[in-house]
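1. Need coordinates for the below:
(2 chains)
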Number of protein chains: 2
Amino acid sequence: MATGRNHRPATRSRGIPEATVARLPLYLRALTALSERSVPTVSSEELAAAAGVNSAKLRKDFSYLGSYGTRGVGYDVEYLVYQISRELGLTQDWPVAIVGIGNLGAALANYGGFASRGFRVAALIDADPAMAGTPVAGIPVQHADDLDRIISENGVSIGVITTPPGAAQQVCDRLVAAGVTSILNFAPTVLSVPDGVDVRKVDLSIELQILAFHEQRKAGEEAASADSGPDPAAPPVRAATSSRKGPDGDMPAVMPA
Amino acid sequence: MATGRNHRPATRSRGIPEATVARLPLYLRALTALSERSVPTVSSEELAAAAGVNSAKLRKDFSYLGSYGTRGVGYDVEYLVYQISRELGLTQDWPVAIVGIGNLGAALANYGGFASRGFRVAALIDADPAMAGTPVAGIPVQHADDLDRIISENGVSIGVITTPPGAAQQVCDRLVAAGVTSILNFAPTVLSVPDGVDVRKVDLSIELQILAFHEQRKAGEEAASADSGPDPAAPPVRAATSSRKGPDGDMPAVMPA
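-> The predicted structure follows:
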């Protein structure tokens, strides 16, 4: 553990816990924002707050990268952006295929945040023959019949599924058969894949849920300041639930376990 | 700490660390998948693995909810879904307005995952007069000139911004002036808001970054099994980078700190 700043043990990438891997993009997002504001260094406390993580955990996470910062100065923002990008594999080019070019597929094809992270939209695929050849974000849509060839010709290892839920498993099977080993699934369904294939499911409501927590708390604080009665049986969340939204908030206080 | 299973201290919701709040939707997603498969109970280890979190941390997180599980049995899936939903405020109705009805706005309007979490798309708003009255996901688009009235009439406290980046700050200012206190920002720009307003920025590339990490590691394992030379100066990530992608992988091994 007590190694120097630039020491890189050979087991580094394999030894990183999954939970740390999941936090690296959050650090990278916060660091990129600092970099855009030309901030040269950042303390573990500031960066932890920006990433929504506790600072002791951040230091532990960064120790897996061999990055220890400098006491009294903090972490070098640009170097840490580079280190995390390298660790995540973002310093290489990842050709991505998007299957299902409805609103969401088209939105992702146009999404600037992919290209800036090393993800290049190499192919757009749809089952509707009427869409074949239509350019979306400057890329002509290709027909699903040619999926195998498209994946192999473009060296695609990451597939993005934005089809309706009923089509997602079949598309997933075809992508895997064509050699894709990572699937990003936006369809609201659970996919089965063989060993060796990674699937991540995107839930666009996650951030909304975190906002809802804070909205509820704000409403609870308003209710608490309006009602100063010391009633330990009515915690803030209940107050918020019942004071704000009427009948929808009328949930039982305790459900049978 | 050593309170009973259903004990709910009055300070419960205010005392939950931000990092725990951010993990609650991940637990909820994993629990919902178990619930859909009619799994009645889950151990902390299984649930932690499904949510991508370490199990000691999960138990700590759940202790803030007053949920301690039962030794040898684990956690009751349905009850935990209810507890987390209540804690996040998802047991009440949240009217949401989406501003900017391009591909992404239309995709979100049609997104089933919002409604199932208590988020009701109450209004769609766009600056293009030609879109006014056009139904998207069954909801007529309204013109941005009426933003104040729309927000207030629908009791919207959460606004979703899916405009081009250049319009996002102005839309944000107007939403806040109209009474919105939480903003979900999909536009690739940083928004300034007054105290008391929460902003969360969605980065659709986060999950892709986690997939890239695993793709890189898989490639590194292939490279390592092909090349058995014991060279501690060439850790797996470097091997993966340089063996797989050619010139793009040609990064310096160590950058100046």
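
2. what's the closest non-adjacent residue to residue A:53?
-> Closest residue in space to residue A:53, ignoring its immediate chain neighbours: residue B:19 at 5.4 Å, by CB to CB, 6 or more residues apart in numbering or on different chains. For glycine as for every other residue, the C-beta is placed from the backbone atoms N, C-alpha and C.

3. helices and strands around the top helix by length along chain A, which ones?
-> Longest helix of chain A, by residue count under DSSP state H: helix A:206-226. Secondary-structure packing of helix A:206-226 (3 or more CB pairs under 8 Å, 6 or more residues apart in numbering or on different chains; DSSP states H and E): helix A:236-244, helix B:18-36, helix B:77-88, strand B:94-99, strand B:158-161, strand B:182-185, strand B:198-201.

4. got a list of contacts for the helix or strand just after the longest one?
-> So the one you mean is helix B:18-36. In the C-terminal direction, the helix or strand that comes right after helix B:18-36 (DSSP states H and E) is strand B:41-42. By CB atoms under 8 Å, 6 or more residues apart in numbering or on different chains, the residues outside strand B:41-42 that reach it are B:31, B:34, B:50, B:73-77.

5. from the chain's centre, how far out does strand B:41-42 sit?
-> Averaging C-alpha positions (CA atoms, centre = their mean, to the nearest Å) puts strand B:41-42 24 Å from its chain's average.

6. returning to that earlier point: ok, the contacts of strand B:41-42 vs chain A, which is closest?
-> residue B:76 (5.8 Å; CB to the nearest CB).

7. What confidence value was assigned to the closest residue to chain B within the stretch 151-257 of chain A?
-> Using CB to the nearest CB, the closest approach of the stretch 151-257 of chain A to chain B is made by residue A:216 at 3.3 Å. In this model, residue A:216 is scored at 86, pLDDT.

8. Same question for residue A:32.
-> 88.

9. and what of the one 10 residues further on?
-> According to the model's per-residue confidence, residue A:42 sits at a pLDDT of 95.

10. Over to residue A:232?
-> Looking at residue A:232, its pLDDT is 40.

11. can you check residue A:122 too?
-> Per-residue pLDDT puts residue A:122 at 96.

12. returning to what we had before: between which two of the contacts of strand B:41-42 is the distance greatest?
-> Spanning the widest gap among the contacts of strand B:41-42 are B:50 and B:73, at 17.4 Å by CB to CB.

13. who has more neighbours, these two?
-> residue B:50 (16 against 11; other CB atoms under 10 Å in any protein chain shown).

14. Tell me which helix or strand the more buried one sits in.
-> Going by DSSP H and E, residue B:50 is part of helix B:44-51.

15. other SSEs contacting that helix?
-> Contact analysis of helix B:44-51 by 3+ CB pairs under 8 Å, 6+ apart lists helix B:18-36, helix B:55-64 as its packing neighbours.

16. and if we set it to 10 Å?
-> Judged by 3 or more CB pairs under 10 Å, 6 or more residues apart in numbering or on different chains; DSSP states H and E, the packing partners of helix B:44-51 are helix A:18-36, helix B:18-36, strand B:41-42, helix B:55-64, strand B:75-76.

17. Just give me the neighbour total for the residue in the stretch 1-150 of chain A that chain B sits nearest to.
-> Of all residues in the stretch 1-150 of chain A, residue A:89 sits closest to chain B, at 3.4 Å by CB to the nearest CB. The tally of other residues near residue A:89 (other CB under 10 Å) stands at 26.

18. Quick check: it touching residue B:219?
-> Yes - between residue A:89 and residue B:219 there is a contact under CB atoms under 10 Å: 8.5 Å.

19. For burial, what's the neighbour tally of residue A:140?
-> Around residue A:140 there are 12 residues (other CB under 10 Å).

20. Bridged to it, which residues?
-> Note on residue A:140: beta-bridge partners residue A:135, judged by DSSP bridges.

21. show me the residues around residue A:132 that make contact.
-> Residues near residue A:132 by CB atoms under 10 Å, 6 or more residues apart in numbering or on different chains: A:125-126, A:140-146.

22. how much space between residue A:130 and residue A:60?
-> Using CB to CB, to the nearest Å, we find residue A:130 at a distance of 53 Å from residue A:60.

23. the more surrounded of the two?
-> For residue A:130 versus residue A:60, neighbours defined as other CB under 10 Å are more numerous around residue A:60 (13 against 9).

24. So for the closest residue to the more buried one other than its chain neighbours, what's the pLDDT?
-> Of all residues not flanking residue A:60 in the chain, residue A:20 sits nearest, at 7.9 Å (CB to CB, 6+ apart). In this model, residue A:20 is scored at 90, pLDDT.

25. Kindly tell me how buried residue A:20 is, as a neighbour count.
-> Counted by other CB under 10 Å, the residues lying close to residue A:20 total 20.

26. just residue A:21 next, same as before
-> Neighbours of residue A:21 under the rule other CB under 10 Å: 20.

27. Quick check: closest non-adjacent residue to it.
-> Computed as CB to CB, 6+ apart, the closest residue to residue A:21 that is not its neighbour in sequence is residue B:213, at 5.3 Å.

28. ok, that neighbour - contacts?
-> Residues near residue B:213 by CB under 10 Å, 6+ apart: A:13, A:16, A:18, A:21-22, A:24-25, A:87-90, A:182, A:198, B:237.

29. Kindly report the domain assignment for chain A.
-> Listed by automatic domain parsing, the domain ranges of chain A are A:18-88, A:94-201, A:206-249.

30. want to throw the ones you listed into TSV with distance to residue B:202?
-> TSV is the format used below for those (distance: least, CB to CB, whole Å):
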stretch	distance to residue B:202
domain A:18-88	10
domain A:94-201	9
domain A:206-249	5
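
31. By mean pLDDT, show me the worst of these.
-> domain A:206-249 - the lowest mean pLDDT of the domains of chain A, at a mean of 57.

32. Now do stretch A:195-206: distance from first to last residue.
-> Length of stretch A:195-206, first residue to last, CA to CA, to the nearest Å: 27 Å.

33. Next, the buried residues of it.
-> Neighbour counts using 16 or more other CB atoms under 10 Å in any protein chain shown place A:197-206 of stretch A:195-206 among the buried residues.

34. just the residues you listed now: which is nearest residue B:107?
-> Ranked by distance to residue B:107 (CB to CB), those are led by residue A:204 at 8.6 Å.

35. I'd say residue A:80 and residue A:39 touch.
-> No - contact criterion CB under 10 Å: residue A:80 and residue A:39 do not qualify, at 11.4 Å.

36. Kindly export stretch A:122-131 (C-alpha atoms) in CSV.
-> C-alpha atoms of stretch A:122-131 as CSV (Å, rounded to 0.1, in the frame of the first residue of the first chain):
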residue,chain,number,x,y,z
ALA,A,122,-19.5,3.4,-35.9
ALA,A,123,-22.8,2.0,-37.0
LEU,A,124,-26.6,2.5,-36.6
ILE,A,125,-28.8,-0.5,-37.1
ASP,A,126,-32.6,-0.7,-37.4
ALA,A,127,-35.1,-3.5,-38.3
ASP,A,128,-37.2,-1.1,-40.4
PRO,A,129,-36.3,-1.4,-44.1
ALA,A,130,-37.7,2.1,-44.7
MET,A,131,-35.0,3.6,-42.5
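
37. chain center to stretch A:175-193, what's the gap?
-> Here the centre of stretch A:175-193 is set off from its chain's centre by 16 Å, with CA atoms, centre = their mean.

38. re the thing from before, tell me which of the helices and strands packed on helix A:206-226 lies nearest to residue A:117.
-> Proximity to residue A:117 (CB to CB) singles out strand B:198-201 among those, at 14.4 Å.
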